[in-house]
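1. from the sequence below, what's the structure:
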Amino acid sequence: MSDEIKSLESEGILSATGQNGEKQEFSEVSELSKRGYQLLKENRIGEAMECFSRILLVDEINNYALVGMGDATRKRGSFREAVEFYQRCLNHHPGNNYALFGLADCYKALNQYHKAIDIWEQYLRHDDKNITVLTRVADAYRKVRDFKHSKAVYLRVLEMEEQNPYAIIGLGHLHYDFKEYREALFYWEKMLETYKDGVDIRVLTSLGNCHRKLKTFEKGIVFFEQALRRDPYNFYALFGLADCYRGMNQQYRSLEYWNRILEQDPRNKVILTRAGDAYRNLSEYDNAVDYYQRALNIEFDTYAVLGLAVVAKSRGRYDESIESLRRLIQQDPRNYRIYIELADCWLKKRDKNQALEVLGDFQKLGIRNNAVMEFIDKLKN
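-> Numbering: from 1, shown residues only. Presented below is the predicted three-dimensional model:
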């Protein structure tokens, strides 16, 4: 018996060899396995599955075939079916790294991050220096909002590989998710320093978003414009620019970018509402009403209804606005903006007591809001 046959027997390709027929069987299984994995690389998934199925008819617990079937079904997006193949392999071949890796990736794709973490932790018992797996573990901890463990694993990767882009990007996302925008900037800027003009466009939009959140809008605009020069249709760059100009109260400029998004996606009700707000702030009420109605024709939207109520108030139609805002409170009782607009309607009607009563109703919900408290102080003083 050759060393090659002994080796492959120990890996589970063939249970026993020795007779000529068995050697031939082994040879066929080996060729089918190689062929199957080559077909997988070429993305010829159906043909690859045929190869692996033929192996399983001969040896139903063959680890290469079970992992191959798992990989093939995972590539097809059939994650639950893939899970079954990987688990079958692990039942007979505990600790098979390829099965563990595939199984964890399936759980991640199914948004079952805790299960994915458990499997990856098992993998790391066999190979605790695998940077690919470590970054996946850190990503999964980030998805379940476990800041401490996620950061620790990302930093562990950076100790092993100082400029690892996945860990740096992951740390940027992690701090951004937890509203630590200055810390996120540190990591995104690190990517920019390392890759300069070759940096991924998503790094540019992430830098812009950090500045947008920090209200350093002028700095954010620089990065969004860089991204837009690379891709004139990039949604995140267009949205970022529109929102920065909105934050700078340059409504005409924000409208340019809201409308550019709508050219690509005319049924985006969030953008229709934002554009409606811009027209309303410019006192272009007919245009504002048109955009709000277009949003509502898609489906109900609180902010489109709120926008229409504010337009009615701005046109002096206070009773119409009050009625609309009252109905809106019933549907969205914890939205402080609705109470402020309703109180302002009563104030415009010179009924301060009603205005105070509306704001008092909001406070009874037990929500502390500075804008509401400032309005109450203004009315009382």
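
2. quick one: buried residues of stretch 315-326?
-> Buried residues in stretch 315-326, counted by 16 or more other C-beta atoms under 10 Å: Tyr318, Glu320, Ser321, Ile322, Ser324, Leu325. Bear in mind the C-beta positions are built from the backbone N, C-alpha and C, glycine included.

3. what's near enough to touch the third one?
-> So the one you mean is Ser321. Ala309, Val310, Ala312, Lys313, Glu341, Cys345 (C-beta atoms under 8 Å, 6 or more residues apart in numbering).

4. of those - the most surrounded one?
-> Each of these was scored by neighbours using other C-beta atoms under 10 Å; the highest score is Cys345's, at 27 neighbours.

5. who's in contact with the helix or strand hosting it?
-> According to DSSP states H and E, Cys345 maps onto helix 336-348. Here helix 336-348 makes contact (C-beta under 8 Å, 6+ apart) with 306, 309-310, 313, 318, 321-322, 325-326, 328-329, 332, 352, 354-356, 358-359, 361-362, 367, 369, 371-372, 375, 379.

6. what's the average pLDDT for that helix?
-> Mean pLDDT, helix 336-348: 97.

7. 21 is where my numbering starts, stick with that
-> Okay, residue one is now 21; in that scheme the one you just asked about reads as helix 356-368.

8. may I see the buried residues of that helix?
-> Those would be Tyr356, Arg357, Ile358, Tyr359, Ile360, Glu361, Leu362, Ala363, Asp364, Cys365, Trp366, Leu367, for helix 356-368 by 16+ other C-beta under 10 Å.

9. tell me the domain ranges of this structure?
-> 21-116, 220-316, 320-401 (automatic domain parsing).

10. hmm, back to that, just flag the most distant two among the contacts of Ser341.
-> Ala332 and Glu361 (10.2 Å; C-beta to C-beta).

11. phi, psi of the residue nearest the centre of the chain?
-> Geometric centre of the chain, nearest residue: Lys163, 9.1 Å, by C-alpha atoms, centre = their mean. Dihedral angles of Lys163 (phi, psi; degrees, to the nearest 10) stand at phi -60, psi -30.

12. could you measure it against Phe99, distance?
-> Applying C-beta to C-beta, to the nearest Å, the value for Lys163 to Phe99 is 16 Å.

13. which outside residues touch stretch 67-80?
-> Taking C-beta under 8 Å, 6+ apart as the rule, stretch 67-80 contacts 33-35, 45, 48-49, 52-53, 55-57, 59-60, 82, 84-86, 88-89, 92-93.

14. just the contacts of Ser341 now: which is nearest Leu212?
-> Val330 (40.2 Å).

15. which SSE is the closest one in?
-> Using DSSP H and E, Val330 sits in helix 322-334.
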